[in-house]
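Trainee: structure for the following, please:
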Amino acid sequence: MTGINSKQNRYIIWADHKKAIIGKFDERNRFSHLIIRSNIETRHRFPGETTNKIRLSTSTRNRQTFEQNKFHQQLADYVKKIIGSLENVLSLLIIGPADTKYVLHKETENKKQFEGVEINVQPADKLTLPMLQEKGREYYRIPAPPRGLRRRRSLLLGN
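Mentor: Numbers count the residues shown, from 1 in each chain. Predicted coordinates:
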């Protein structure tokens, strides 16, 4: 369906620095999901490497600044990848344990495609995919499918 009221999808996103799970409920309340890995590099210590916290030379500060800039750039690319996967957004719930959810929220506020979209941010611990789906159903007040339907579907998928 296109036109003025083409925004039909309700999203729930669980995100931390390592991965994002994007759940989508379409106009028929069908749930689908997408997992995006961040590829953010964390600082690696090598065997035998010692800390340099007592050194206050400019090389230490420059390296720290470089590492911070690299992290922020990788985080920005990760958030853009998440936002790029959303389409026809009616409502968006962003959850997660880390600061990534706030960076994601701030970025959506600056995008024209999210004008008039209801966006909420809530803290949440690590969730499995079924837990994320259930949280989305509770938030959007979508009834769970009949139990027999779930069983038939899982038999067809071979699960």
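
Trainee: those strands in this protein, which residues are they?
Mentor: Remark: strands assigned in the chain by DSSP state E are 9-15, 19-25, 31-37, 89-96, 118-123.

Trainee: pick the most buried one from the ones you listed.
Mentor: Of all those, strand 9-15 carries the top mean neighbour count, a mean of 24, counting by mean count of other C-beta atoms under 10 Å. Glycine gets a C-beta too; all of them are placed from N, C-alpha and C.

Trainee: dump the strands of the chain to a markdown table, plus distance to Q74 and mean pLDDT.
Mentor: Output for the strands of the chain, formatted as a markdown table (distance: least, C-beta to C-beta, whole Å; pLDDT from 0 to 100):
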| stretch | distance to Q74 | mean pLDDT |
| --- | --- | --- |
| strand 9-15 | 14 | 97 |
| strand 19-25 | 13 | 96 |
| strand 31-37 | 12 | 96 |
| strand 89-96 | 17 | 96 |
| strand 118-123 | 21 | 96 |
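
Trainee: distance to E107 added to those strands, as TSV?
Mentor: Output for these, formatted as TSV (distance: least, C-beta to C-beta, whole Å):
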stretch	distance to E107
strand 9-15	11
strand 19-25	13
strand 31-37	14
strand 89-96	10
strand 118-123	11
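
Trainee: tell me the buried residues in the longest helix anywhere in the chain?
Mentor: Criterion DSSP state H: the longest helix present in the chain is helix 58-84. For helix 58-84, the buried set under the neighbour-count rule, 16 or more other C-beta atoms under 10 Å, comprises L75, Y78, V79, I82, I83.

Trainee: ditto for stretch 134-152
Mentor: Here stretch 134-152 shows K135, G136, R137, Y139 as buried, counting by 16+ other C-beta under 10 Å.

Trainee: so where's this structure shaky on pLDDT?
Mentor: 1-6, 43-61, 148-159 (pLDDT under 70).

Trainee: switch to 90 and redo it
Mentor: 1-8, 39-71, 98, 110, 144-159 (pLDDT under 90).

Trainee: so what's Y78 up against?
Mentor: The neighbourhood of Y78, defined by C-beta atoms under 8 Å, 6 or more residues apart in numbering, consists of A20, I36, S38, N39, I40, T100.
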